[in-house]
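> quick one, fold the following:
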Amino acid sequence: MNPTQQKVTEILVDTIGIQETEVTLDANFIKDLGIDSLDYAELVMEFEQAFDIKIPDNDAEKLKTVNDVVTYIDQKLEEK
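Numbers count the residues shown, from 1 in each chain. Here you go, the predicted structure:
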């Protein structure tokens, strides 16, 4: 597990209260993890704060799985 994936997992566990074992790369936020739009908005803010990045709304809407978020954050960090 890369550092980004580890941190994303920690945020999901701490913010949503799900089990770490539920957080797989192919886990869909809505279908698999049961996250609603308010929880998702909170998660996006947590990701932004934890990684010191900005995730525009139109990008956030495209992030459907844990892998989507990890890949997106890694790309944003490489651009810095």
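
> mind checking how far the residue nearest to the spatial centre of the chain is from L38?
Nearest to the geometric centre of the chain sits V69, at 4.6 Å (Cα atoms, centre = their mean). Shown here: V69 relative to L38, a distance of 17 Å by Cβ to Cβ, to the nearest Å. Backbone N, C-alpha and C define where each C-beta goes, glycine included.

> and the strands in the chain, which stretches?
In the chain, no strands are defined using DSSP state E.

> need the helices for it, in chain order.
Ranges of helices within the chain are 3-16, 37-51, 57-60, 66-79, based on DSSP state H.

> wait, which of the ones you listed is closest to A27?
Nearest to A27 among these is helix 66-79 (5.0 Å), distances taken as Cβ to Cβ.

> buried ones in that closest one?
V66, N67, D68, V69, V70, Y72, I73, K76 (16 or more other Cβ atoms under 10 Å).

> skip the chain neighbours and tell me the closest residue to the fourth one.
With Cβ to Cβ, 6 or more residues apart in numbering as the criterion, V69 has its nearest non-adjacent residue at 5.1 Å, and that residue is L63.

> what residues are up against the one you found?
For L63, the contact set (Cβ atoms under 8 Å, 6 or more residues apart in numbering) comprises F29, I55, V69, Y72.
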